[in-house]
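**Student:** show me the folded form of this:
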Amino acid sequence: MSRLSPAGLMSRRHMLAGGIVSLGACSLPITMAQDRVDGESEQAGETRLSYETPQVQNWRIGLVLKTPVTCTDVFATFPVPMNWPEQKVTVTGRTIDPQVTAWDTRELGGGVKQVILKMARVPAGSTVEMTFNIAIERFRILGPTQTDDLVIPAKISRDLRFFLSSSPYIDSSNARIKAAWRGLAAQEVPNAWARVEQIYDFVRDNVKYVEGSLKNASQALREGRGDCEEMTSLVVALCRNAKIPARMVWIPEHCYPEFYLEDASGKGHWFPCQAAGTRQFGRMDEYRPVLQKGDRFKVPEKRTPSRYVSEFFKCDKKGKSNPDPNFIRELIDV
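**Tutor:** Below you'll find the predicted structure:
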């Protein structure tokens with residue numbers, strides 16, 4: 001439904017334009033990592049949502065580097081799935097070539113985990129592999145049975161503030177989006193849940209699903225067409241105008257929004273909805289793994305914020321030919 005490849009890699013419009021360039025001094029400290037790349041993120045705990053009928057998929061994720069020239073000071077990153085309330089990630093195997101000098105993991109903005117690796121020298125004619133076999137247990141998300149007590153957060157924490165501002169292609173402050181929000185705000189709704197559903201229905205009623213090049217949420221609203229990325233972006237942008245934290249969820253070949261409301265006790269909950277496709281509000285019948293959550297990431301290797309964290313490769317090459325870094329994300333049978 002979007003422009004991702006069947007293997008789950010983002011299309012070239014999301015790829016970092018790292019290319020093959022001189023690395024220079026690397027200020028990022030890299031230490032030898034533990035055997036696991038899985039870890040904790042938002043955990044289910046006490047929530048209004050429930051999770052059922054899990055399915056397990058096995059994925060191979062990593063880097064295979066083939067190079068006809070000698071490379072030095074190789075530095076690469078690639079994102080890996082992480083734990084969420086609706087999914088559990090377990091590393092079941094790994095292949096790490098001895099030429100990988102060191103590797104580690106890091107999280108960006110609480111919604112992305114990356115593997116970072118370093119190779120001091122890769123001789124010409126080498127093929128170097130660093131890949132992980134990862135079992136991802138994904139649950140269906142069932143919606144809440146009670147919603148009338150849910151409210152828009154009165155106090156926004158520093159972490160939540162991150163999901164109220166503009167992001168790449170989510171131009172929340174655009175005049176057209178603000179005008180659309182004012183029109184929605186003028187209509188009375190019984191509670192916060194109904195307000196988000198009003199925004200959700202507005203986007204689905206006013207933006208027809210049409211694939212095309214990536215554009216701003218405001219342009220999709222003006223043209224009345226867009227694909228899952230634009231429709232998700234517009235839901236997120238309108239929620240943010242309503243002071244409702246919202247973010248994008250990225251899965252292979254698709255994306256959808258999540259919005260954040262609090263219950264009467266002040267506990268916050270993230271709820272999913274399906275902007276493009278079958279109507280699913282507050283629930284999600286989806287077994288494809290969550291790759292990332294968020295839409296504004298500060299990646300150390302980039303000067304500007306990233307909408308989606310893609311793979312990255314740099315090296316200092318000793319010759320005219322270019323190395324061939326092949327980033328792998330493929331579903332495998334076990």
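**Student:** tell me, how many residues neighbour Gln55?
**Tutor:** Neighbour count for Gln55, taken as other CB atoms under 10 Å: 11. Every residue, glycine included, has its C-beta placed from N, CA and C.
**Student:** nope, Ile199 is what I was after
**Tutor:** In terms of burial, Ile199 registers 27 neighbours under the definition other CB under 10 Å.
**Student:** so who does it touch?
**Tutor:** If a contact means CB atoms under 8 Å, 6 or more residues apart in numbering, then Ile199 has Leu184, Val235, Leu238, Cys239, Ala242 as its contacts.
**Student:** mind picking out the helix or strand in the chain with the poorest mean pLDDT?
**Tutor:** Evaluated with mean pLDDT, DSSP states H and E, the helix-and-strand set of the chain has its lowest mean pLDDT in helix 158-161, which scores a mean of 88.
**Student:** tell me the helix or strand right after that one.
**Tutor:** From helix 158-161 onward toward the C-terminus, using DSSP states H and E, the following helix or strand is helix 175-185.
**Student:** narrow the contacts of Ile199 to those in helices?
**Tutor:** Secondary-structure check on these using DSSP state H: residues within helices are Leu184, Val235, Leu238, Cys239.
**Student:** of the residues you listed, closest to Ala135?
**Tutor:** Distance ranking of the ones in helices among the contacts of Ile199 against Ala135, using CB to CB, places Val235 first at 31.2 Å.
**Student:** can you pull the contacts of the closest one?
**Tutor:** Under the criterion of CB under 8 Å, 6+ apart, the contact list for Val235 reads Ile199, Tyr200, Val203, Ala246, Pro257, Phe259, Cys273, Ala275.
**Student:** and it, what pLDDT?
**Tutor:** The pLDDT attached to Val235 in the predicted structure is 98.
**Student:** now the one helix or strand Asp201 maps to: how far from the chain's centre is it?
**Tutor:** Taking DSSP H and E as the definition, one finds Asp201 inside helix 192-206. Its chain's C-alpha centre lies 23 Å from the corresponding centre of helix 192-206 when counted by CA atoms, centre = their mean, to the nearest Å.
**Student:** okay, angle between that helix and helix 175-185 too, please.
**Tutor:** Between helix 192-206 and helix 175-185, the angle comes out at 130 degrees (axes from the mean of the first three to the mean of the last three CA atoms, to 10 degrees).
**Student:** continuing past helix 192-206, what's the next helix or strand?
**Tutor:** Next in sequence after helix 192-206, counting helices and strands by DSSP H and E, comes strand 208-209.
**Student:** quick one: contacts of that next one?
**Tutor:** Contacts of strand 208-209 with the rest of the structure, by CB under 8 Å, 6+ apart, involve Met1, Gly224, Arg225, Gly226, Asp227, Cys228, Met231, Ala276.
**Student:** what's the closest of these to Lys293?
**Tutor:** Using CB to CB, Cys228 is the member of these that lies nearest Lys293, at 15.2 Å.
**Student:** now that closest one: how far from Ile136?
**Tutor:** Separation of Cys228 from Ile136 (CB to CB, to the nearest Å) stands at 21 Å.
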